[in-house]
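Visitor: structure here, sequence nowhere to be found:
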């Protein structure tokens, strides 16, 4: 009876796992097929070809898009991690009048839909002449982000206070206590913040749609949308190119997941427990 | 001493204070003002009073976008919850290789939403898509998911089930936190698996399910990228996209394609009110089903 149930569980899990993984395999396999065989649903391409990859590279400035995306992503992730950690530390370690009120304002901003601030923020960047550049995609992260401030503050609050008192007695100033004692202790939360923001910045489409005009400034997702508009819809029906570009866009995220799997899973699990 | 500590704290939180003033407080005020104007970015805003808000109620596209978004939320949120709870329960009762399965369920969540939108077009293609090919094995003639207005939203909902990985991880963490003693005594009482799941597991993890229900609903009301990728944009002349016109997409079009910044600001405030209203109703209605250890707060 117990055995029968275990077998049943395993069968169900395997069936779902195949259903979840199959689209990846299908996409990857299609990217190695010539145009006429893309939709033949064979798992192993009948005719194996690298042409799609070569063609994508010729049709689109993919390398440039990759560089743009990497630039935005690294700056966005590092900026938001450093400043959110600072702010979180300010809220967790110090006692000052108005702390509770200010922190509820931090939490309150999370309730505000992005749509409300989207237009005025665009107008700010527009008046600074930055529309069309990559700056609006990451510079806002220099001011921290409510969600990460919340996450990191929770982590700081869980730390024992003794190491900080000891450092203080040893003559460390506030900045040194933060960078030399607090940050190293909070490494898991810092890594989670970096990974989450790296993923968010890499996969974002809306902001690149709003701010980028010229193909040479595109990020990979924005470029992928442009390729879909040109080759998927545009009457030419070169799905093999769109699919190959999708594979190229997705692979860095898969690599990121396997590099930081443990942190991703832990970070997401703690997000839920705040409910 | 007190003053010194306050000064240090303010230095640490100053980035957020600055960011809040520049990128939240000012935009909120400006957005409220803009919603009372006609503004196309090139010419100065001209004050029109509540005109934009009146237009909201007369614009058939607003009604359509709201309807589409509601239908998508009502279909996708429960479906996502059921699927992620089911997968998490399965994972929790497996004894080996849970890491492998968890990775399999989570990986789609890493796919950029643009690529998810593209996958949707290909997997759900009426003639040559993988889904209809699969249905064909069982002799089912699948619908034209991407072109038939009646099947566009179900297609988007099914596609959204592919990216429930984060919910699975969250629910699994909650399941692991349910004390084993509760099950042991239930087994002694002769309760079967279904009974234990319904009477012990689901109540014990109900705060987590409640959290996901609220967050998923808020996200569904703002969903943009997958539907925009698949059904909108400069090149699309193939797909009838009225059925996929979500509220966030219409707002985006009004703001950045037609440059109706004033009207789009009014649209944004309506979205804010709608999200707030739905969230409050959901909290009031579902709260009594949520079980908190040590009594309801």
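Guide: Structure received. Just so it is clear, the structure is predicted and the values come from calculations on it, not from any experiment. Numbering: from 1, shown residues only, chains lettered A, B, ... in the order given.
Visitor: which stretches in chain A count as helices?
Guide: In chain A, the helices defined using DSSP state H lie at A:2-30, A:51-59, A:62-93, A:99-111, A:114-127, A:146-157, A:162-169, A:174-176, A:183-185, A:187-203, A:206-211, A:220-227, A:239-273.
Visitor: out of these, which comes closest to residue A:41?
Guide: The minimum distance between residue A:41 and these falls on helix A:2-30, with 7.4 Å, by Cβ to Cβ. To be clear about C-beta, it is placed using only N, CA and C from the backbone, and glycine gets the same treatment.
Visitor: can you list the helices of chain A in CSV and add mean pLDDT and mean neighbour count?
Guide: Conversion of the helices of chain A to CSV gives the following (pLDDT from 0 to 100; neighbours: other Cβ atoms under 10 Å in any protein chain shown):
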stretch, mean pLDDT, mean neighbour count
helix A:2-30, 91, 15
helix A:51-59, 91, 16
helix A:62-93, 97, 22
helix A:99-111, 95, 14
helix A:114-127, 97, 19
helix A:146-157, 95, 21
helix A:162-169, 91, 13
helix A:174-176, 94, 16
helix A:183-185, 93, 15
helix A:187-203, 95, 21
helix A:206-211, 97, 20
helix A:220-227, 96, 26
helix A:239-273, 91, 20
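Visitor: will you turn the ones you listed into TSV that also has distance to residue B:288?
Guide: Below are these laid out as TSV (distance: least, Cβ to Cβ, whole Å):
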stretch	distance to residue B:288
helix A:2-30	32
helix A:51-59	55
helix A:62-93	33
helix A:99-111	23
helix A:114-127	31
helix A:146-157	27
helix A:162-169	43
helix A:174-176	46
helix A:183-185	41
helix A:187-203	33
helix A:206-211	37
helix A:220-227	42
helix A:239-273	21
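Visitor: grab the nearest non-local neighbour of the closest residue to chain B within the stretch 1-150 of chain A.
Guide: Closest to chain B within the stretch 1-150 of chain A is residue A:143: 2.3 Å, counting by Cβ to the nearest Cβ. Nearest non-adjacent residue to residue A:143, counting by Cβ to Cβ, 6 or more residues apart in numbering or on different chains: residue B:19, 2.3 Å away.
Visitor: now swap in residue B:133 and tell me
Guide: What sits nearest to residue B:133 in space, not counting adjacent residues and going by Cβ to Cβ, 6+ apart, is residue A:41, at 5.4 Å.
Visitor: quickly find the element holding the residue nearest to residue A:143.
Guide: Mapping residue B:19 onto the secondary structure by DSSP states H and E places it in helix B:2-20.
Visitor: elements contacting that helix?
Guide: With contacts defined as 3 or more Cβ pairs under 8 Å, 6 or more residues apart in numbering or on different chains; DSSP states H and E, helix B:2-20 has these neighbours: helix A:62-93, helix A:99-111, helix A:174-176.
Visitor: which residues touch residue 125?
Guide: All of this is about chain A. When contacts are counted by Cβ atoms under 8 Å, 6 or more residues apart in numbering or on different chains, residue A:125 touches A:131, A:135, A:136, A:211.
Visitor: you answered for a different chain; I wanted chain B.
Guide: Contacts for residue B:125 (Cβ under 8 Å, 6+ apart) come out as A:39, B:132, B:145, B:146.
Visitor: going by distance to residue A:46, which of those wins?
Guide: Among the contacts of residue B:125, residue A:39 lies closest to residue A:46 (Cβ to Cβ), at 12.4 Å.
Visitor: from residue A:239, how far off is the closest one?
Guide: Residue A:39 sits 8 Å away from residue A:239 when distances are taken as Cβ to Cβ, to the nearest Å.
Visitor: of the contacts of residue B:125, which is the nearest to residue B:233?
Guide: Distance to residue B:233, by Cβ to Cβ, is smallest for residue B:146 among the contacts of residue B:125, at 14.2 Å.
Visitor: go ahead and confirm the closest one touches residue B:152.
Guide: Yes. At 6.9 Å, residue B:146 counts as touching residue B:152 under the criterion of Cβ atoms under 8 Å.
Visitor: neighbour count winner among the two?
Guide: Summary of the neighbour comparison: residue B:146 and residue B:152, criterion other Cβ atoms under 10 Å in any protein chain shown, with residue B:152 having more neighbours (28 against 23).
Visitor: now that one: closest residue in space that isn't a chain neighbour?
Guide: The spatial neighbour of residue B:152 that comes closest, neighbours along the chain excluded (Cβ to Cβ, 6+ apart), is residue B:243 at 4.0 Å.
Visitor: run a quick neighbour tally on the one you found.
Guide: With other Cβ under 10 Å as criterion, residue B:243 counts 20.
Visitor: that one - that's part of a strand, no?
Guide: No. In this structure, residue B:243 is helix, not part of a strand, as judged by DSSP: H, G, I helix; E, B strand; the rest coil.
Visitor: from chain A, how far off is it?
Guide: In this structure, residue B:243 and chain A are separated by 17 Å, where distance is defined by Cβ to the nearest Cβ, to the nearest Å.
Visitor: give me the pLDDT for that residue.
Guide: What the model reports as pLDDT for residue B:243 is 92.
Visitor: test my guess that it contacts residue B:155.
Guide: No. Taking contacts as Cβ under 8 Å, residue B:243 lies outside contact range of residue B:155: 9.7 Å.
Visitor: shared neighbours of the two, which are they?
Guide: With contacts taken as Cβ under 8 Å, 6+ apart, residue B:243 and residue B:155 have no neighbour in common.
Visitor: what's the nearest residue to residue B:15 if we skip its chain neighbours?
Guide: residue A:83 (4.3 Å).
Visitor: who's in contact with the one you found?
Guide: When contacts are counted by Cβ under 8 Å, 6+ apart, residue A:83 is found next to A:141, A:142, A:143, A:144, B:15, B:16.
Visitor: so the fourth one makes contact with residue B:17?
Guide: What that stands for is residue A:144. No. Under the criterion of Cβ under 8 Å, residue A:144 is not in contact with residue B:17, lying 9.6 Å apart.
Visitor: more neighbours: which of those two?
Guide: A direct count of neighbours by other Cβ under 10 Å for residue A:144 and residue B:17 places residue A:144 higher, at 30 against 17.
Visitor: now the phi/psi pair for the more buried one, please.
Guide: Backbone torsions of residue A:144, given as degrees, to the nearest 10, read phi 80, psi 170.
Visitor: check contacts around it.
Guide: By Cβ under 8 Å, 6+ apart, the contact list for residue A:144 reads A:80, A:83, A:84, A:86, A:87, B:15, B:16, B:19.
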